[in-house]
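Peer 1: what follows is a predicted protein model with its sequence.
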Amino acid sequence: MSDFPTPIRDFMLALTEDRRSPAYMLVADDEGLSEWGGDLAAYDITGLQRGADVSEHVPFLLGLLPLETNNVFLPNIQTNAGQYADAYLFHRDEGTWILLLDATSEATKRQMIQQKASNLNLQVSELEREGEALYKAQSILEEKVRERTTQLAQTNQQLKNELATRKRAEEALRESESRFRRLSESNMIGIMFWDLKGRITDANDAFLEMLGFTRDDLAAGRIHWDQVTRPENLSLDEQAFTEMRDTGACTPFKRQFVRKDGTPVTLLFGAALLEGSQNKIACFALDISKYK
């Protein structure tokens, strides 16, 4: 390099310094560390002390020192996770010099090439196995296609049957709901809905009139089972609840309610759990005093 012009030498040295993160150590012949510098931290080499055994900080030097030959080149030494270095060891009068130059880029390229080659071999082997498997599986696949076609046809017919059944059930439900709505709106009998927490959630005008409440009272949540129940009716209610839990409905019985103004009124009362529920109840009430 001494034959090169000074600008060229300086540029080459700057290029090496910028791109290869040089770092160095000098180990005396007694194997004690005497000098170090450069970007050693880039290679995860820290905590150095003068006179220390350098192999404790740089494991790949273990067994190499003292140097028995003039020069040793160790390519692609992994110094930490993802970091590689080319290590140059050469002996001089003052001891053994150790120069580290970053080789991560080249090591990564080689690893990528090796990985690609390995992947290519695996792909070739896999393609060969897949070709054999495809050839052997052709008849099995054709049979499975036939079976699947039959299953799909059966499933399609089953879905058609289920849709028809659901349509009939929905039509029956709509018809039932329509009849119930007409009955509720006719106000021939009192109808109301409540849950076992005592909250009356809905009622028709006939029921509200029997107890002297308004629809505003209902919307505001001012109608509660405890408000319209006399204490002596609690035992009858418990019997009705037990019967509903066992059979889904209770036998109609005469029950005394408390109107909004505090006056009592005796109604023929019946209740049933709503289908699929254990706490929502539909009730009817009939003012039997009008039929005496």
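Peer 2: Ah, there it is.
Peer 1: could you pull out the strands in the protein for me?
Peer 2: All strands of the chain, identified by DSSP state E, fall at 23-27, 33-38, 71-80, 83-92, 95-102, 190-195, 200-203, 253-258, 264-273, 280-286.
Peer 1: out of the ones you listed, flag the one nearest Gln239.
Peer 2: Among these, strand 253-258 comes nearest to Gln239, with 8.6 Å by C-beta to C-beta. For glycine as for every other residue, the C-beta is placed from the backbone atoms N, C-alpha and C.
Peer 1: and the end-to-end length of stretch 75-95?
Peer 2: End-to-end distance for stretch 75-95, by C-alpha to C-alpha, to the nearest Å: 21 Å.
Peer 1: quick one: contacts of that stretch?
Peer 2: Here stretch 75-95 makes contact (C-beta atoms under 8 Å, 6 or more residues apart in numbering) with 26-29, 34, 42-45, 60, 64, 67, 69-74, 96-104, 106-108, 110.
Peer 1: likewise stretch 207-222?
Peer 2: Around stretch 207-222, the neighbours that count as contacts under C-beta under 8 Å, 6+ apart are 187, 190-192, 199-200, 202-203, 205, 223, 228, 257-261, 265, 267, 285, 287.
Peer 1: cool, stretch 231-241 as well?
Peer 2: Leu196, Thr229, Cys250, Phe253, Arg255, Gln256, Ala271.
Peer 1: shaky segments in the chain?
Peer 2: Along the chain, the parts satisfying pLDDT under 70 run over 1-20, 81, 107, 111, 169-170, 172-186, 290-292.
Peer 1: so what are the domain limits for it?
Peer 2: Domain ranges of the chain: 6-102, 106-183, 187-291, per automatic domain parsing.
Peer 1: Throw the ones you listed into CSV and include mean neighbour count, thanks.
Peer 2: Conversion of the domains of the chain to CSV gives the following (neighbours: other C-beta atoms under 10 Å):
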stretch, mean neighbour count
domain 6-102, 15
domain 106-183, 10
domain 187-291, 15
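Peer 1: quick one: which two of the contacts of stretch 231-241 are the most distant?
Peer 2: Greatest spatial distance among those (C-beta to C-beta): Leu196 and Gln256, at 20.4 Å.
Peer 1: which residues in this structure form helices?
Peer 2: For the chain, the helices defined by DSSP state H cover 6-20, 104-186, 205-211, 215-219, 234-247.
Peer 1: pretty sure Gln204 contacts Gly190?
Peer 2: To be clear, residue 204 is Asn; Gln isn't right here. Yes. Between Asn204 and Gly190 there is a contact at 6.7 Å, judged by C-beta atoms under 8 Å.
Peer 1: format the CA atom coordinates belonging to stretch 124-135 as PDB.
Peer 2: Only the C-alpha atoms of stretch 124-135 are listed here, as PDB (Å, rounded to 0.1, in the frame of the first residue of the first chain):
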ATOM      1  CA  VAL A 124     -36.600 -30.600  -4.800                       C
ATOM      2  CA  SER A 125     -37.000 -33.600  -2.300                       C
ATOM      3  CA  GLU A 126     -40.400 -32.400  -1.300                       C
ATOM      4  CA  LEU A 127     -41.500 -32.000  -5.000                       C
ATOM      5  CA  GLU A 128     -40.300 -35.500  -5.700                       C
ATOM      6  CA  ARG A 129     -42.300 -36.900  -2.700                       C
ATOM      7  CA  GLU A 130     -45.300 -34.800  -3.600                       C
ATOM      8  CA  GLY A 131     -45.200 -36.100  -7.200                       C
ATOM      9  CA  GLU A 132     -45.200 -39.700  -5.900                       C
ATOM     10  CA  ALA A 133     -47.900 -38.900  -3.400                       C
ATOM     11  CA  LEU A 134     -50.100 -37.200  -6.000                       C
ATOM     12  CA  TYR A 135     -49.800 -40.100  -8.300                       C
END
